[in-house]
Structure formats: C-alpha cells, structure tokens
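Student: build me a structure from this.
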Amino acid sequence: QPEPGVFHWRSPAGYEYLVTATGTTRIGTPPPRPSPWSIEHEPDPWEDPPPSDPTTDQPLQPELIAWAIAQHTLTNAAA
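Tutor: From the prediction side, this is the model:
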C-alpha cells in the first residue's frame with residue numbers, strides 16, 4: 001500500500017493494478033509467454049551447430065595408440 005486508500009495489486013497471471021477509491025487502473029502487463037509453436041519448434045538447419053572437424057572424427061588406429069603409450073611410458077620412466 002503506497003499510501004492510505006491506494007493499493008498496488010498483482011494478479012496471479014502477473015498483471016499489476018493500482019486500486020484507488022476512483023477505480024482500478026492496470027499499470028503493468030507481464031511479458032508474453034512463448035507460443036506453443038516456438039516451444040515445440042525444431043531449430044532450422046542453419047540454427048544447428050556446424051559439423052565436427054572430420055580430421056578429429058577419424059577412428060583411432062591401433063599402431064598409433066601403441067606408439068603413444070610407448071612414448072608416454074618412456075618419458076615418464078626417465079623422470
């Protein structure tokens with residue numbers, strides 16, 4: 001209550017009203033809710049992230065894994 005006889009009221013839906021002896025005035029409106037279409041809408045193709053880098057998507061090669069393990073073992077054993 002800002003002052004005697006004046007009430008600031010907010011409805012459950014989010015609207016704001018100023019209520020006085022002379023009447024009620026809506027002073028605030030809640031932001032619009034997203035429409036069901038925008039909630040359920042799948043992103044357009046150009047909104048999707050770009051594809052991964054093909055050089056990093058290659059399968060691991062066993063001989064490279066063996067060399068990486070050997071190099072790691074030798075460098076850590078010397079330390």
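Student: point out where the protein drops to low pLDDT.
Tutor: Across the chain, the ranges flagged by pLDDT under 70 are 1-2, 36-60, 77-79.
Student: what segments of it are helices?
Tutor: With helices called from DSSP state H, the chain shows them at 36-40, 62-78.
Student: could you pull out the strands for this structure?
Tutor: In the chain, the strands defined using DSSP state E lie at 7-10, 16-20, 23-28.
Student: export those strands as JSON lines, with columns for distance to residue 72 and mean neighbour count.
Tutor: C-betas here are computed from N, CA, C, even on glycine. Shown next, in JSON lines, are the strands of the chain (distance: least, Cβ to Cβ, whole Å; neighbours: other Cβ atoms under 10 Å):
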{"stretch": "strand 7-10", "distance to residue 72": "63", "mean neighbour count": "12"}
{"stretch": "strand 16-20", "distance to residue 72": "65", "mean neighbour count": "14"}
{"stretch": "strand 23-28", "distance to residue 72": "64", "mean neighbour count": "10"}
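Student: the nearest residue to residue 13 once chain neighbours are set aside: how many residues sit nearby?
Tutor: Using Cβ to Cβ, 6 or more residues apart in numbering and skipping the chain neighbours, the partner closest in space to residue 13 is residue 30 (6.6 Å). By other Cβ atoms under 10 Å, 11 other residues sit near residue 30.
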